[in-house]
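Mind folding the following:
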Amino acid sequence: MAAENKNQKHFVLVHGLCHGAWNWYKLKPQLESAGHRVTVLDLAAYGINMEAIQDVCAFQEYTRPLFSFLASLNE
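Modelled structure (predicted):
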């Protein structure tokens, strides 16, 4: 079992423009069934993220959900 945990990876999947976390619905279960941890998330104003697109004025705001999640990994 220790060998399995050593080989386990944590994949953070990020969608492209005009998509959402749903974009990974086929890949996520495949990675999980291979024993990996998988996180899919929506960037600002896409998918289930309820921020209005007109309120996202900079790339920094668009990517905030991703960087907030990544920062939480170190906590």
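
Got the confidence number for Met50?
For Met50, the model assigns a pLDDT of 85.

Tell me which stretches of the protein form helices.
In the chain, the segments counted as helices under DSSP state H are 2-7, 27-33, 59-62, 64-72.

In a markdown table, list these along with distance to Tyr46 and mean neighbour count.
No exception for glycine: its C-beta is placed from N, CA and C like everyone else's. Shown next, in a markdown table, are the helices of the chain (distance: least, Cβ to Cβ, whole Å; neighbours: other Cβ atoms under 10 Å):
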| stretch | distance to Tyr46 | mean neighbour count |
| --- | --- | --- |
| helix 2-7 | 32 | 8 |
| helix 27-33 | 17 | 13 |
| helix 59-62 | 9 | 13 |
| helix 64-72 | 9 | 13 |
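
Dump those helices to CSV, plus distance to Val40.
Formatted as CSV, the helices of the chain follow (distance: least, Cβ to Cβ, whole Å):
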stretch, distance to Val40
helix 2-7, 21
helix 27-33, 6
helix 59-62, 17
helix 64-72, 10
